[in-house]
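the following comprises the amino acid sequence and a computationally predicted model.
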2 protein chains.
Amino acid sequence: MPRFFIGPESDDTTRERILKAAILRFSTHSYEQTGFRDLAADVGVDPAYVHRCFGSKQKLFHEALKASLRPERLFVGGSDDLPSTLAREVLAECGANEIRPLDVVIRSFSSPEASRVLSDVLMDDFIAPMVEKRGPLSKKRAALVAALLAGVGILRDVIGADPLLDGDEAETQELIAQAIENLIDGDADNDLKEQSEPASVDDKAE
Amino acid sequence: MPRFFIGPESDDTTRERILKAAILRFSTHSYEQTGFRDLAADVGVDPAYVHRCFGSKQKLFHEALKASLRPERLFVGGSDDLPSTLAREVLAECGANEIRPLDVVIRSFSSPEASRVLSDVLMDDFIAPMVEKRGPLSKKRAALVAALLAGVGILRDVIGADPLLDGDEAETQELIAQAIENLIDGDADNDLKEQSEPASVDDKAE
DNA sequence: TTGCGTAGTCAACACTCGTTGACCAACGGA
DNA sequence: TCCGTTGGTCAACGAGTGTTGACTACGCAA
């Protein structure tokens, strides 16, 4: 059961085939590492054509990034299992032609050209949907959840930090899920550790 | 009170002045963005010389990164205030010629050349010292704390995510501190939410 | 005075990259 | 038949990169 379809073996238009190839490359390599020439070789066209199709590298990245984040797959269903769903997704194995929701994001944080795109898309297509679907939740808390997920993804898949790669995966997943739950529902008032009220809805960041 | 001294106005050797300039540049720009020519202009020498001083760009980055992480400033003192210390550090403002412990780290996650260095240094000079100084703590939990800190730093300073930039900073800090505390002391066994025992020391990642 | 190591400069090599303008082939409508 | 549009190729430009080898200037020791 592929988590996210990306099949190059379809009869799409050439532009769509390039876009899918771009998503796959951007989920494995950084913005700067990914060149028009590599992309063109993947699809079997001229490098100049992939440029003409999308106008500029930045626009191509924008489209690929937007298509790679699929919030409707993450923020559905009951709201209580959101932490474990997110924790599962960020640790999930995935085969060829599959990508996870944050794979493209975590590869291209550097490069100001890419991060200008990332800033907008991450806010509109990840944090905002999470706030919308998950009921009372400030954008700040959602951003912190995104930060944790991105950080784990980076340390694990980009850097290759051993403690997150081997060992008890179920334990890792549970730790992450609990931290997310804490970020969502935890009390933010200093020195008050009891959680009597159901999370204060203080959206100062809107 | 400067958090981390980096003063170019000293009478150091030229090599040391280059290294300090590199630390400053790497804390603001990514590995790929930072060129020998920029660095040379900062110090006022020839680009070829900064190369000869360090052998290669990767080696220069290695030295700069290692000098920028200063674990002895973070993991000292009583162990109970570690979460709030870390949360404060990652959100701290800092003026010119000052850097925060993870500033260099969060700028250069991309670029395989840099991440190969990052992997080792982050493990040896951040996660390992944290485990050592903080008593019973698995490397996995320490890595998750590092992931959260890095993620917050990236979303806030690299991407420029608004919800983490404006709004109540004290609340943000408290949320992060609680999440860290949860990652350090939280119970990892599934479906057991009470925290009676003082954190199981299960170092399967060593 | 000679010689040598150190500090530093200069010009250039060998790439790689995004981007562009000219060109070509096929097709559908007038 | 002509013609404009679409899909696509080709060669090249211009800028940027890390890196290298040859060279110069200085200070110190024999």
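That came through fine.

from DNA strand C, how far off is A:P129?
Using Cβ to the nearest atom of the strand, to the nearest Å, A:P129 is found at 29 Å from DNA strand C. All C-beta atoms are positioned from the backbone trio N, CA, C, and that covers glycine.

tell me what the host helix or strand of A:A41 is packed against?
Using DSSP states H and E, the element containing A:A41 is helix A:36-43. The contact analysis (3 or more Cβ pairs under 8 Å, 6 or more residues apart in numbering or on different chains; DSSP states H and E) places helix A:36-43 against helix A:14-26, helix A:47-54.

looking at those helices, which is buried most?
Greatest average neighbour count among the helices and strands packed on helix A:36-43 goes to helix A:14-26 (a mean of 21), per mean count of other Cβ atoms under 10 Å in any protein chain shown.

residues contacting that helix, please?
The set of residues external to helix A:14-26 that reach it, using Cβ atoms under 8 Å, 6 or more residues apart in numbering or on different chains, is A:6-8, A:10, A:12, A:34, A:38-39, A:42-43, A:45, A:49-50, A:53-54, A:60-61, A:63-65, A:67-68, A:97, A:99, A:104, A:107-108.

angle of the top helix by length along chain A against helix B:169-185?
For chain A, the helix reaching the highest residue count under DSSP state H is reported as helix A:169-185. Here helix A:169-185 points in a direction 160 degrees away from that of helix B:169-185 (axes from the mean of the first three to the mean of the last three Cα atoms, to 10 degrees).

elements contacting helix A:169-185?
Secondary-structure packing of helix A:169-185 (3+ Cβ pairs under 8 Å, 6+ apart): helix A:82-91, helix A:139-153, helix B:139-153, helix B:169-185.

how far off centre is it?
Relative to the chain's own centre, helix A:169-185 is displaced by 17 Å; criterion: Cα atoms, centre = their mean, to the nearest Å.

per-residue pLDDT, A:V90?
Note for A:V90: predicted pLDDT of 94.

do the same with A:K139
Taking A:K139 on its own, its pLDDT is 95.

picking up where we left off before, tabulate the helices and strands packed on helix A:169-185 (CSV), appending mean neighbour count and distance to DNA strand C.
Output for the helices and strands packed on helix A:169-185, formatted as CSV (neighbours: other Cβ atoms under 10 Å in any protein chain shown; distance: least, Cβ to the nearest atom of the strand, whole Å):
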stretch, mean neighbour count, distance to DNA strand C
helix A:82-91, 20, 28
helix A:139-153, 27, 23
helix B:139-153, 27, 26
helix B:169-185, 21, 36
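
closest one to DNA strand D among the ones you listed?
Smallest distance to DNA strand D across those (Cβ to the nearest atom of the strand): 23.2 Å, for helix B:139-153.

off-centre distance for that closest one?
The answer for helix B:139-153 is 10 Å, by Cα atoms, centre = their mean.

what helices or strands is the helix or strand just after that helix leaning on?
Where DSSP H and E defines the elements, the next helix or strand beyond helix B:139-153 is helix B:162-165. Helices and strands touching helix B:162-165, by 3+ Cβ pairs under 8 Å, 6+ apart, are helix A:139-153.

next, the angle from the helix it packs on to helix B:82-91.
Using the same axes, to 10 degrees, helix A:139-153 lies at 100 degrees relative to helix B:82-91.

and the nearest residue to A:D125 once chain neighbours are set aside, what are its phi and psi?
Nearest residue to A:D125, sequence neighbours excluded (Cβ to Cβ, 6 or more residues apart in numbering or on different chains): A:L69, at 4.6 Å. Note on A:L69: its backbone torsions stand at phi -80, psi 120 [degrees, to the nearest 10].

if I look at A:L69, what pLDDT would I see?
Value for A:L69, per-residue pLDDT: 92.

let me see the contact set for it.
A:P101, A:L102, A:V104, A:V105, A:V121, A:L122, A:D125, A:F126.

so which of those comes closest to DNA strand C?
Closest approach to DNA strand C among those (Cβ to the nearest atom of the strand): A:V104, at 15.3 Å.

next one: the closest residue to that closest one other than its chain neighbours from DNA strand D, what distance?
Closest residue to A:V104 apart from its sequence neighbours, by Cβ to Cβ, 6+ apart: A:S68 at 4.1 Å. Between A:S68 and DNA strand D the computed distance is 22 Å (Cβ to the nearest atom of the strand).

chain A against DNA strand D: which residues are in contact?
Proximity of chain A to DNA strand D (Cβ under 7 Å from any atom of the strand) is limited to residues A:T13, A:T14, A:R15, A:G44, A:V45, A:D46, A:P47, A:A48, A:Y49, A:R52.

tell me the confidence at the spatially closest residue to A:N182 that is not a sequence neighbour?
With sequence-adjacent residues excluded and distances taken as Cβ to Cβ, 6+ apart, A:N182 is closest to B:N182, at 4.6 Å. B:N182 is assigned a predicted lDDT (pLDDT) of 95.

do A:G135 as well
We have a pLDDT of 72 for A:G135.

show me where pLDDT drops low in chain A?
Applying pLDDT under 70 to chain A picks out residues A:1-11, A:77-80, A:189-206.

domains in it, by residue range?
By the assignment in automatic domain parsing, chain A contains the domains A:14-66, A:70-185.

Throw those domains into JSON lines and include distance to B:L19, thanks.
What follows is the domains of chain A, written out as JSON lines (distance: least, Cβ to Cβ, whole Å):
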{"stretch": "domain A:14-66", "distance to B:L19": "24"}
{"stretch": "domain A:70-185", "distance to B:L19": "21"}
